[in-house]
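Visitor: make a model of this:
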Amino acid sequence: MPGLLDMQGILTVALAAAAGLVAGILTGRGGRERAMREAAALREDLARTDQQIREQSRIAAKLRSEQQFLKNLSISLPRLVRELNRETVEFQDIPRQILDLAGSIFEPAQMLLFLVRSPGEEGQEGKEGKELFLRDHRGLGEIPATATRVRFGEGKIGWVAENKVEMADDDWLNLSRTEGRTLEDNHPAFHLSLIGPIVHHGKEDHLLGVLCVGEPAARPKDEKLVFQMITNLGAIAYRNVQNVRALQKQAHHDGLTGLFNKPRFMEQLGQMIFASERKAQPLAIFMFDIDHFKHYNDSNGHQAGDAVLRGVAEVLRRNLRPQDLAGRYGGEEFIVAMPLADGEQALRAAERIREAIASCRFPHRETQPGGMLTISGGVSVFPQDGTNSTDLIGCADRSLYKAKAAGKNRVFLHKTFEIGDDPDEMAKSDEVARRLDSILGQGR
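Guide: Reported below is the predicted structural model:
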């Protein structure tokens, strides 16, 4: 019995162990499945969290980009407006200012600015249509000459010029925008993301140029509207310079002849005298008027007289050096300042102008005494005849009257008092000039 009891005990223990083993196995399998489910749920939670973090990072990066855009705009835009509002701004300043603004906003790898030029300009007569020429660029190095000129309708840049609409890189994929045309880049080196026209909107839309931006590092929200703002500012800048120049021309130039008016000429002459004095260089004044101009007006009418004044001014312009300054002094009287010209050089130049006018076939010249339109003039020279504008013009004017008294159609060089000259003759000559000033004032 004891042996049997021992065997039963052993069997009971074994059965219990087996039951525990089976229970453990069954319990372990359920735990692993539960653990696997929990692990899968955790991985999904981690993936969602990672996606949320990525989205938040993207939003944060976008917000930082927008903040940087607003910062750049708040700095660049007032500076550009201030620069463009200066009275002294010139056409050549505008490309740099436009590219500076576009660069600060978009931070592009490439920028190009094309301006409009008619083929008839700069020796391109005989061609039809219009074209663009490259005025400024950044980020491209040297550009082949063939890529610096773009005809309207040629490639993407020419298409924008022809149609006057902004285009982003994705817009070219929509063929309905281009009426079914597939347009290529104007040059393989151009990787342009935004192309926009610079247009002045008046009674008619007038294209001034095309701005191109390539591979921008920053692409703000509503980038095409921002880009349009830049091109509109460019158009305003160019128009502003044109308007300022037109106003300056009206203020500084004679409306009939296009020469400098008397106030502007006198201002410029003062600066030229100062420069000549500082550099110890000569400066000549040539003053002349049209002979028998009152007779011409009375015989042919004031409109014909105005046409003669314009014609004389044109002949004068064609016979001046680039550094010479010409103005209408008043009525039929003209004046020229010739820097770096001594008396002999100025007299030769004045004679050349006189001969050119006398040989010009003006309308109704046959009604004038002698059958042609002529001038009489006088020349004075800085510093021997004077060191200020009043003295120099006075000497030239006295010589002009002497030329009138000597028979007209001639030019006299003012003669200063020199050792050996007869003082009585000099005084007599000046008295004659003064009398002529009052006698000839109406009919010279």
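
Visitor: how far off centre is the helix or strand hosting H137?
Guide: Using DSSP states H and E, H137 maps to strand 131-138. Put simply, strand 131-138 sits 12 Å off its chain's centre (Cα atoms, centre = their mean, to the nearest Å).

Visitor: which strands and helices sit next to that strand?
Guide: helix 94-106, strand 108-117, strand 149-151, helix 155-163, strand 205-216 (3 or more Cβ pairs under 8 Å, 6 or more residues apart in numbering; DSSP states H and E). In this view, the C-beta of every residue, glycine as well, is placed from N, C-alpha and C.

Visitor: cutoff 6 Å now
Guide: Contact analysis of strand 131-138 by 3 or more Cβ pairs under 6 Å, 6 or more residues apart in numbering; DSSP states H and E lists helix 94-106, strand 108-117, strand 149-151 as its packing neighbours.

Visitor: what's next to stretch 232-252, contact-wise?
Guide: L84, V89, F91, I94, I98, I198, V199, H200, L208, R264 (Cβ atoms under 6 Å, 6 or more residues apart in numbering).

Visitor: sorry, wrong one. I was asking about stretch 327-337.
Guide: Contacts to stretch 327-337, defined as Cβ under 6 Å, 6+ apart, come from residues 254, 257, 259-260, 262, 265, 269, 272, 285-290, 293, 324-326.

Visitor: show me those residues that map onto strands.
Guide: Of these, the ones assigned to strands by DSSP state E are I285, F286, M287, F288, D289, I290, L325, A326.

Visitor: before we move on, back to that, report the buried members of the contacts of stretch 327-337.
Guide: The neighbour count (16 or more other Cβ atoms under 10 Å) marks 254, 257, 259-260, 265, 269, 272, 285-290, 293, 324-326 as buried among the contacts of stretch 327-337.

Visitor: care to break this protein down by domain?
Guide: Per automatic domain parsing, the domain ranges recorded for the chain read 91-250, 262-439.

Visitor: turn these into a markdown table, including distance to A60 and mean pLDDT.
Guide: Shown next, in a markdown table, are those (distance: least, Cβ to Cβ, whole Å; pLDDT from 0 to 100):
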| stretch | distance to A60 | mean pLDDT |
| --- | --- | --- |
| domain 91-250 | 15 | 86 |
| domain 262-439 | 60 | 89 |
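
Visitor: which among those domains is found nearest to D45?
Guide: domain 91-250 (32.6 Å; Cβ to Cβ).

Visitor: between the two ends of that closest one, how far is it?
Guide: This stretch, domain 91-250, spans 19 Å end to end (Cα to Cα, to the nearest Å).

Visitor: hang on, isn't F227 packed against S193?
Guide: No - here F227 does not reach S193: they are 9.6 Å apart, not a contact under Cβ atoms under 6 Å.

Visitor: which SS state does G394 fall under?
Guide: What DSSP: H, G, I helix; E, B strand; the rest coil gives for G394 is helix.

Visitor: look up how far V381 lies from it.
Guide: 13 Å (Cβ to Cβ, to the nearest Å).
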